[in-house]
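Student: Here is the input, now give the coordinates:
(one chain, ligands or ions: 1)
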Amino acid sequence: MNTTRAVSAMLLAAVTASLSSTSALALPILGLWNTGVDTGGSPNPVGVVDSHYVVSTGGVIDDAYTFSTVSAATPHWIANPTDARWIGPSLSTTDSSMLSDPLETYFYDLSFSLDPFTSAWITGYWASDNFGRLLLNGNEVASLGLMGFKTLNPFSITDSNLFVGGLNVLRFEVTNAPGLVPTGNPSGLLVSGLLGEYEPDTNLRLEDTVIGTDTTPTVPDGGSTALLLIAGLLGVVYVRGRRQS
Ligand SMILES: [Ca+2]
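Tutor: Just a heads-up that it's a prediction; the model follows:
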């Protein structure tokens, strides 16, 4: 591709981006994985270590294993849905009713990145054994009680101010409470139907990538911005063409 054709392609991309900036264009937030799934999003077999959530307790990184909810160890947990699996700090591939986890708070962190955006939101369902707190970038957005394991509970994060450009951390904080009966007392987390979208800040992208060093604040104006870009890029095409000719 010669220089003129390359600049023409840039021109087309700039116009397309400018036109799209005047309407809502929602893109999926990548990296929002349900618990207990593989790299393709399919549920893992029992005992497999979750590869998406970074789990820690007491500042120490731990593994979170995939659970079966037909085990005698977890008879009170809501059944695994089709798109996710319970995960927890203990490996449980046997039908033991005495599985117990320490009375600790377990942090399940899921990280994702966002380009510059104008709005963003996340929805999903979760269950926890026992108490649960859900935080986005350190801000609590939902919580579950002692019996948080009995149902899949919906949540939504719609306050765009809680999201940041760059790295975001969605933290599921699960605290195992003392057991009520003298049997096992497991802890675990289930996240299902996790989805998110964001509307990219196309004006910011255009100014950053095309105009470059101009940091003067501008009032968003799709029409005049497009005309300035077209005029500027056509000038580049003309100058390049003159040099080549
Ligand atoms: Ca428990």
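Student: all contacts plus neighbour counts: C-alpha atoms, from now on.
Tutor: OK.
Student: Sticking with the residue nearest the centre of the chain, tell me its helix or strand.
Tutor: The centroid of the chain falls nearest to Leu32 when counting by Cα atoms, centre = their mean (3.7 Å). Following DSSP states H and E, there is no helix or strand that holds Leu32.
Student: That one is in contact with Ser192, isn't it?
Tutor: No - counting by Cα atoms under 8 Å, Leu32 stays clear of Ser192, with 10.2 Å between them.
Student: neighbours of the nearest residue to Pro200 once chain neighbours are set aside, just the number please.
Tutor: Among residues not flanking Pro200 along the chain, Phe117 sits closest, at 4.1 Å (Cα to Cα, 6 or more residues apart in numbering). Counted with other Cα atoms under 10 Å, residues neighbouring Phe117 total 19.
Student: Am I right that Phe117 is in contact with Asp201?
Tutor: Yes - contact criterion Cα under 8 Å: Phe117 and Asp201 qualify, at 4.4 Å.
Student: domain parsing for the protein?
Tutor: Following automatic domain parsing, one finds the domains of the chain at 3-24+202-244, 27-200.
Student: Kindly present these as TSV, with separate columns for mean pLDDT.
Tutor: Shown next, in TSV, are those (pLDDT from 0 to 100):
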stretch	mean pLDDT
domain 3-24+202-244	43
domain 27-200	93
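Student: most tightly surrounded among those?
Tutor: Mean neighbour count, computed with mean count of other Cα atoms under 10 Å, is highest for domain 27-200 among these, reaching a mean of 19.
Student: quick one: it to chain centroid distance?
Tutor: 12 Å (Cα atoms, centre = their mean, to the nearest Å).
Student: Which residues of the chain lie near the ion?
Tutor: For the chain, the contact set with the ion under Cα under 5 Å from the ion comprises 176, 185-187.
Student: all strands for the chain, in order.
Tutor: 27-28, 54-57, 60-62, 65-66, 87-88, 105-114, 117-129, 131-136, 139-144, 153-157, 166-175, 188-200 (DSSP state E).
Student: so what secondary structure elements neighbour the first one?
Tutor: So that's strand 27-28. strand 188-200 (3 or more Cα pairs under 8 Å, 6 or more residues apart in numbering; DSSP states H and E).
Student: Who are the contact partners of Phe131?
Tutor: 143-148, 174-177 (Cα atoms under 8 Å, 6 or more residues apart in numbering).
Student: Which one of those is nearest to Tyr108?
Tutor: Val174 (7.9 Å; Cα to Cα).
Student: Could you report the separation of the closest one from Asp129?
Tutor: Note on Val174: its distance to Asp129, by Cα to Cα, to the nearest Å, is 7 Å.
Student: Can you name the residues bridging to Ser111?
Tutor: Val169 (DSSP bridges).
Student: How about Glu197, nearest residue that isn't a chain neighbour?
Tutor: Per Cα to Cα, 6+ apart, closest to Glu197 is Pro28, 4.3 Å.
Student: Over to Gly188?
Tutor: Using Cα to Cα, 6+ apart, the closest residue to Gly188 is Gly88 (4.1 Å).
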